[in-house]
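J.: sequence and predicted structure are below.
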Amino acid sequence: MKKQYIFLFLLIIGCCYSCKKYLDVRPKSQIKEEFIFEKEKGFMDALSGVYTLMARRELYGDNLTMSFLDVLAQRYRGERKTSPYYNAINYNYNSDDRGSNKALLPVKTTIRTIWLSSYSAIANANNILSNIEEKKSIFTGNNYNLIKGEALGLRAFLHFDLLRMYGPMISENPSAKAIPYRTLLSREAQPLLPANEVIRLIIDDLLAAEKLLEQDPIVSGAANDNYDFNVANRKFRMNYLAVQATLARVYQYNNQPNEAYAYAKKVIASGKYSFVTSQEVSEDGFCRDRTFRNEQLFALQINNMKKYTDDYFNVNPKTFEGIQLNNDNTVIEALFENSSTDYRRQYLWSSTEGKLISTKYLQLENRAGFCVWPKNVVPVMRVSEVYYIAAECSPDLNESADLINEVLSHRGLDPLIGINSKAALQEALTKEYQKEFFSEGQLFYYYKRNKFNKIPGSNVAANSSVYVLPVPEDELIFNN
């Protein structure tokens with residue numbers, strides 16, 4: 001990455017105390033920005049910067065996958081007041097008071113950090129989009145379409161997750177104010193838009209991205225000299241299939257089952273993925289495929305995960321937060337219905353001192369002569385979710401059962417029988433979301449979308465006070 005790009009990247013992050021303050025720094029970086037976008041490589045570096053922001057611990061490298069969102073979904077122990085996660089598990093969203101417990105997670109600050117970090121990544125995507133049209137002539141091959149398509153897809157993807165966290169219960173109050181939808185770099189504060197308007201803008205961006213990415217190497221197989229545009233690396237980008245899978249997510253969230261079903265089936269029909277095999281997931285140590293790499297439609301490469309995942313998923317954490325993420329044997333055995341064949345239970349957990357520790361993100365040191373799968377990777381979208389979306393939205397219960405059973409056949413399980421009603425289908429899907437996406441951040445969204453009165457494992461009544469994270473106070477001030 002060139003020095004001038006690093007300068008802009010650090011300037012943006014260092015000044016991002018609020019959306020207003022972030023926007024105030026743009027004139028200072030104008031000369032550097034113009035220099036960056038003189039060449040095609042500058043656009044590629046800037047786009048890589050968006051992924052770098054998303055992969056930080058503030059977002060998908062930690063908070064939105066393995067820790068904070070899954071804490072809200074009651075994935076881990078933390079019911080005692082001595083637990084670092086006590087306030088988060090009890091949905092005390094306005095609490096930053098640590099008292100005598102210095103390891104206590106500052107929930108209010110964490111929520112604000114997620115907001116600011118997401119909009120910082122969006123601002124970087126918008127910076128690309130605001131410069132790319134006038135520089136269209138500098139691009140070679142299909143790179144203009146790939147870069148613009150990815151930037152639009154990322155902008156939509158980030159806004160959608162913000163909506164899922166900070167927006168209303170969409171089926172109850174679709175016109176309630178939710179979040180700003182930022183499409184331009186501007187010093188002006190942007191209004192909180194109604195949720196249904198945000199959804200419309202997300203879909204518009206995704207449809208435009210889909211069109212631009214039609215010749216994505218992930219589907220066309222076209223060769224490209226750029227590392228990030230090679231077929232083998234497209235799963236680490238907002239590629240054509242990831243855009244379609246995101247559309248399926250969005251349409252499902254917006255109670256548009258026909259559209260969600262259609263897009264889910266498009267991804268399934270592509271055949272550009274394969275399910276993990278029993279051999280891949282059961283291999284010893286270095287060779288075990290713990291994140292089901294060939295099922296990933298979109299994943300992020302995280303910098304130095306080992307430092308904190310070793311401590312998160314350990315009995316005796318040593319991180320500065322002093323936080324561990326584990327659960328009791330009885331809880332996990334009940335979750336997996338005491339299965340002795342489910343790959344997800346059999347090969348992705350380790351029992352230590354009466355606790356079960358997830359080994360999904362175990363980062364083993366490379367050794368010569370051993371097969372080594374990509375390290376420092378967090379799945380953001382996997383094909384199993386697309387099957388679940390298609391199953392939930394299919395008008396045919398028999399097809400719904402077939403779609404779920406297709407996933408189960410690749411998890412070491414026998415097919416389900418008796419899915420003869422919508423209630424039975426929803427029960428099966430709930431179990432699958434609970435088993436499939438451990439430490440991937442998707443279960444909280446599932447509970448919110450389906451309006452669970454209580455999140456399993458919690459005694460707190462689940463309503464908008466639980467499912468809607470508070471918009472940071474300074475953002476509300478700027479919008480008034």
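T.: Nice, I can see it.
J.: where does the stretch 151-300 of the chain have low pLDDT?
T.: Within the stretch 151-300 of the chain, the stretches with pLDDT under 70 are 187.
J.: recalculate using a threshold of 80.
T.: 186-188, 285 (pLDDT under 80).
J.: can you check the stretch 1-150 of the chain too?
T.: Within the stretch 1-150 of the chain, the segments meeting pLDDT under 80 span 1-35, 77-83, 97-103.
J.: what about 50?
T.: Applying pLDDT under 50 to the stretch 1-150 of the chain flags residues 1-31.
J.: and the helices in the stretch 151-300 of the chain?
T.: Counting by DSSP state H, counting those that start in this stretch, the stretch 151-300 of the chain forms helices over residues 195-212, 217-220, 240-253, 257-270, 278-282, given from the N-terminal end onward.
J.: extract the C-alpha set from the fourth one and format it as CSV.
T.: The C-alpha atoms that make up helix 257-270 are tabulated as CSV, following Å, rounded to 0.1, in the frame of the first residue of the first chain:
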residue,chain,number,x,y,z
PRO,A,257,-40.0,-13.8,0.5
ASN,A,258,-40.5,-14.2,-3.2
GLU,A,259,-37.5,-12.0,-4.0
ALA,A,260,-35.4,-13.5,-1.2
TYR,A,261,-36.2,-17.0,-2.4
ALA,A,262,-35.3,-16.1,-6.0
TYR,A,263,-31.9,-14.6,-5.1
ALA,A,264,-31.1,-17.5,-2.7
LYS,A,265,-31.8,-20.0,-5.5
LYS,A,266,-29.6,-18.0,-7.9
VAL,A,267,-26.6,-18.5,-5.5
ILE,A,268,-27.4,-22.2,-5.0
ALA,A,269,-27.8,-22.7,-8.7
SER,A,270,-24.4,-21.1,-9.4
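J.: for that helix, packing partners?
T.: The elements that helix 257-270 packs onto, with contact taken as 3 or more C-beta pairs under 8 Å, 6 or more residues apart in numbering; DSSP states H and E, are helix 240-253, helix 383-393. (C-beta placed from N, C-alpha, C; glycine too.)
J.: winner for burial among the helices of the stretch 151-300 of the chain?
T.: Burial among these, expressed as mean neighbours by mean count of other C-beta atoms under 10 Å, is greatest for helix 240-253, which shows a mean of 26.
J.: coming back round to it: could the helices of the stretch 151-300 of the chain be laid out in CSV, adding distance to A73?
T.: Shown next, in CSV, are the helices of the stretch 151-300 of the chain (distance: least, C-beta to C-beta, whole Å):
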stretch, distance to A73
helix 195-212, 21
helix 217-220, 30
helix 240-253, 16
helix 257-270, 22
helix 278-282, 24
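J.: quickly list what I357 is bridged to.
T.: Partner residues in beta bridges with I357: S350, with DSSP bridges as the criterion.
J.: I'd like the distance between it and L69.
T.: To L69, I357 is 19 Å away according to C-beta to C-beta, to the nearest Å.
J.: those two: who's more crowded?
T.: Shown here are I357 and L69; by other C-beta atoms under 10 Å, L69 has more neighbours (26 against 20).
J.: D45 - how many residues pack around it?
T.: Other residues within reach of D45, judged by other C-beta under 10 Å, total 19.
J.: show me what the helix or strand encompassing it is packed against.
T.: Using DSSP states H and E, D45 sits within helix 40-54. Contacts of helix 40-54 with other secondary structure elements, assessed using 3+ C-beta pairs under 8 Å, 6+ apart, are made with helix 3-14, helix 30-36, helix 107-132, helix 143-166, strand 296-301.
J.: need the contact partners of that helix.
T.: In this structure, residues lying in contact with helix 40-54 by C-beta atoms under 8 Å, 6 or more residues apart in numbering are 1-2, 5, 8-9, 13, 35-37, 59-61, 117, 120-121, 124-125, 127-128, 131-132, 135, 138-140, 143, 147, 150-151, 154, 158, 226, 228, 236-237, 300-301.
J.: which residue ranges of the stretch 301-450 of the chain form strands?
T.: For the stretch 301-450 of the chain, strands defined by DSSP state E, counting those that start in this stretch occupy the ranges 327-328, 349-352, 355-358, 377-382.
J.: between these, which one is closest to V219.
T.: Nearest to V219, of all the strands of the stretch 301-450 of the chain, is strand 377-382, at 15.7 Å by C-beta to C-beta.
J.: report the buried residues of the closest one.
T.: Of the residues in strand 377-382, those scored as buried under the neighbour-count criterion (16 or more other C-beta atoms under 10 Å) are V377, V378, P379, V380, M381, R382.
J.: closest one of these to A242?
T.: For the buried residues of strand 377-382, the residue nearest A242 by C-beta to C-beta is M381; the value is 5.8 Å.
J.: so who does the closest one touch?
T.: For M381, the contact set (C-beta under 8 Å, 6+ apart) comprises A242, A245, T246, R249, Q296, L297, F298, A299.
J.: and which of those is nearest I170?
T.: Compare each of the contacts of M381 with I170 using C-beta to C-beta and the shortest gap goes to R249, at 12.5 Å.
J.: that older thread, which two in the buried residues of strand 377-382 are spaced the farthest apart?
T.: Spatially, the most separated pair among the buried residues of strand 377-382 is V377 and M381, at 12.8 Å (C-beta to C-beta).
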